[in-house]
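Peer 1: what follows is a predicted protein model with its sequence.
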Amino acid sequence: MFETTSKIPSPSGATLAYHHQPATASAIGILIICHGLAEHSKRYRAFAEAMAAAGFHVYAHDHRGHGETTAEGAPIGRFAWRDGITATIRDVKAMRDFAATAHPGLPVVLFGHSMGGLIALNAVQDFPASFDALAIWNSNFNPGLAGRAAQIVLKTERALKGSDVPSTLLPKLTFGAWNKSIGEGRTDFDWLSRDHAAVDAYIADPLCGFNASVSLWLDIFDLTFRGTETDRLETLPKTLPIHLVGGGRDPATGNGQAIKWLSRRLQTLSMTNVTCNIDRDMRHETLNEIGAEAAITEFAAWATRVLPKQSATLVPD
């Protein structure tokens, strides 16, 4: 079922390509997945199947500029010609509303990996009444001065060559530097996972590993910095269940330190239901790492525990 690509229109003007895995046990909730940069939603099949077995109807769509989603002004590598963040978040809301209409009365968990985590936190801030729990895995909301410097570099590139072309410097400052820090040297994407088969599959996938445009990088850093602004965080319900996961060997999050920072930031603002787990040996893609099954099992138990209890309903495939 998840392998089948379906499509729905979004109010943003995009045609969203998505994948759906229906609950195979008594349905207790809906899980919406936001994927990361330079990948796509179909990579989440194993996660979707595991969560379906735990009672969740799972929906994962390709963001603008990724996978099979299409939108005017959003070729591969760019959210939009302008207002890309607004459009991308409207797409998340459209996917959520579609799923909630298909399964009325069930609580909704929003899950985001890496860039998807940046999108997910901002989406819940914009639509706090639409989500009952939030999961942010492997996302860096604390790039610090290096992040501000990257914004200056990107704005310089935009002034010199435009925003709709790939950034020359950011891949070197991010993916390249992260891979170098791993020191494995087998491929250019060893930083993603210790599982060589998972890394090789990523490299072989024609919808993965593309160069992001200057505008997409600028949108990513805007999502990053605005996501932890005090006024935006204060839009969240204080009791909202939030599940944070990081890897202790993930260079994209400072070896998990950025995840710990986000946990402290949320708790400082009196968020009372924050869970933070750092697996000391994992790299960036927890869901494609050695030990992913245990992380998924723990997540399913968390989601089952924290969601509002509903009358169980078995929905046929």
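Peer 2: Yep, that arrived.
Peer 1: any low-confidence regions in the chain?
Peer 2: For the chain, the stretches with pLDDT under 70 are 310-317.
Peer 1: what segments of it are strands?
Peer 2: For the chain, strands defined by DSSP state E occupy the ranges 6-9, 15-21, 29-34, 56-61, 108-113, 133-137, 242-247, 274-279.
Peer 1: contacts only, for the most centrally placed residue in the chain.
Peer 2: By C-alpha atoms, centre = their mean, the chain has its centre lying nearest to residue 116, at 1.9 Å. By C-beta atoms under 8 Å, 6 or more residues apart in numbering, the contact set of residue 116 is 33-36, 63, 139. C-beta here means a position set from N, CA and C on the backbone, and glycine is covered the same way.
Peer 1: CSV for those, including distance to residue 197 and neighbour count?
Peer 2: Listed next are these as CSV, based on distance: C-beta to C-beta, whole Å; neighbours: other C-beta atoms under 10 Å:
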residue, distance to residue 197, neighbour count
33, 22, 27
34, 24, 30
35, 19, 25
36, 19, 26
63, 25, 29
139, 24, 29
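Peer 1: which residues are in contact with stretch 171-191?
Peer 2: 150, 153, 196, 199-200, 202-203, 209, 211-212, 249-252, 283-284.
Peer 1: list the buried residues for that stretch?
Peer 2: Using 16 or more other C-beta atoms under 10 Å as the test for burial, stretch 171-191 gives 171, 174-175, 178-179, 182, 189-191.
Peer 1: a markdown table for those residues, including distance to residue 106?
Peer 2: Listed next are the buried residues of stretch 171-191 as a markdown table, based on distance: C-beta to C-beta, whole Å:
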| residue | distance to residue 106 |
| --- | --- |
| 171 | 40 |
| 174 | 37 |
| 175 | 38 |
| 178 | 38 |
| 179 | 40 |
| 182 | 40 |
| 189 | 36 |
| 190 | 39 |
| 191 | 36 |
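Peer 1: show me which of these is closest to residue 164.
Peer 2: Distances from residue 164 to these, taken as C-beta to C-beta, are shortest for residue 171 (16.3 Å).
Peer 1: if we can go back for a sec, what is the nearest of the contacts of stretch 171-191 to residue 2?
Peer 2: Within these, the smallest distance to residue 2 is 17.9 Å, found for residue 202 (C-beta to C-beta).
Peer 1: contacts only, for the closest one.
Peer 2: Applying C-beta under 8 Å, 6+ apart to residue 202 gives the contacts 39, 43, 189, 192, 208-209, 288.
Peer 1: quick one, helices of the chain?
Peer 2: With DSSP state H as the criterion, the chain has helices at 45-53, 84-102, 115-126, 144-161, 170-171, 177-182, 196-204, 214-227, 230-233, 257-268, 292-306.
Peer 1: what helices or strands is the longest one leaning on?
Peer 2: Spelled out, it's helix 84-102. Counting contacts by 3 or more C-beta pairs under 8 Å, 6 or more residues apart in numbering; DSSP states H and E, helix 84-102 packs against strand 6-9, strand 15-21, strand 29-34, strand 56-61, strand 108-113, helix 115-126, helix 214-227.
Peer 1: which one of those is the most hemmed in?
Peer 2: Mean neighbour count (mean count of other C-beta atoms under 10 Å) peaks for strand 56-61 among those, with a mean of 28.
Peer 1: what about dumping the CA coordinates of that one to PDB?
Peer 2: Taking Å, rounded to 0.1, in the frame of the first residue of the first chain, the C-alpha atoms of strand 56-61 are listed here in PDB:
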ATOM      1  CA  PHE A  56      -1.700   4.400  13.300                       C
ATOM      2  CA  HIS A  57      -2.900   5.500   9.900                       C
ATOM      3  CA  VAL A  58       0.300   6.800   8.300                       C
ATOM      4  CA  TYR A  59       0.600   9.500   5.700                       C
ATOM      5  CA  ALA A  60       3.800  10.900   4.200                       C
ATOM      6  CA  HIS A  61       4.000  13.400   1.400                       C
END
